[in-house]
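1. turn this into a structure:
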Amino acid sequence: ITTITLDSNNIGMEGARHFAEALKINSSVTTIGLLNNTIGDEGARQLAEVLKSNSSVTNINISSNVIGDDGAQYLAEALKTNTSVTTINLDYNSIGTEGARHL
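-> So this is what the prediction gives:
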C-alpha cells in the first residue's frame, strides 16, 4: 500500500495518534489523505513527530483539520529534518500569521 486516504472520517486527535504510530513502522506509504478529520494541533504534533524520522511519505493532505499556529509550528519543525515530503496541503485550517511564519 502506498496511498492511504481517510478523508472525512472524524478520526480526531486520537485517531491521528494511532495513525502516526502505524506510520512509525511503515516504509511503503507515500501519500496520506486526512482531509476533514479535526485532528487539531495535537494530531498535527503526532504526525510531525513521525515525519521527523519517516522517509517514505512524500505527499500529505491535512486540510480542514482545525490546525492552528501551534500545529503549524510542530509541522515546520519536522520538515526541517524530513527530506522526503514534497507536498503538504494545509488549506482551510486555522493557521494565522505566526503559524505561517514558522512554515
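2. helices of the protein, residue ranges please.
-> With DSSP state H as the criterion, the chain has helices at 12-24, 40-51, 69-81, 97-102.
3. so can I have CSV of those helices showing distance to Thr2, mean pLDDT and mean neighbour count?
-> Any C-beta I mention is one placed from the backbone N, CA and C, and that applies to glycine too. Shown next, in CSV, are the helices of the chain (distance: least, C-beta to C-beta, whole Å; pLDDT from 0 to 100; neighbours: other C-beta atoms under 10 Å):
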stretch, distance to Thr2, mean pLDDT, mean neighbour count
helix 12-24, 13, 96, 16
helix 40-51, 16, 98, 22
helix 69-81, 21, 97, 19
helix 97-102, 29, 96, 14
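4. figure out which of those helices is closest to Thr58.
-> With C-beta to C-beta as the measure, helix 40-51 is the member of the helices of the chain nearest Thr58 (11.0 Å).
5. wait, which of the helices of the chain is closest to Asn61?
-> Asn61 sits nearest to helix 40-51 of all the helices of the chain, at 11.7 Å, using C-beta to C-beta.
6. picking up where we left off before, mind putting the helices of the chain into JSON lines with distance to Ile62?
-> Below are these laid out as JSON lines (distance: least, C-beta to C-beta, whole Å):
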{"stretch": "helix 12-24", "distance to Ile62": "9"}
{"stretch": "helix 40-51", "distance to Ile62": "7"}
{"stretch": "helix 69-81", "distance to Ile62": "8"}
{"stretch": "helix 97-102", "distance to Ile62": "13"}
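7. ok, which of those helices comes nearest Leu34?
-> Among the helices of the chain, helix 12-24 comes nearest to Leu34, with 7.2 Å by C-beta to C-beta.
8. now that closest one against helix 40-51, angle please.
-> For helix 12-24 against helix 40-51, the angle by axes from the mean of the first three to the mean of the last three C-alpha atoms, to 10 degrees is 0 degrees.
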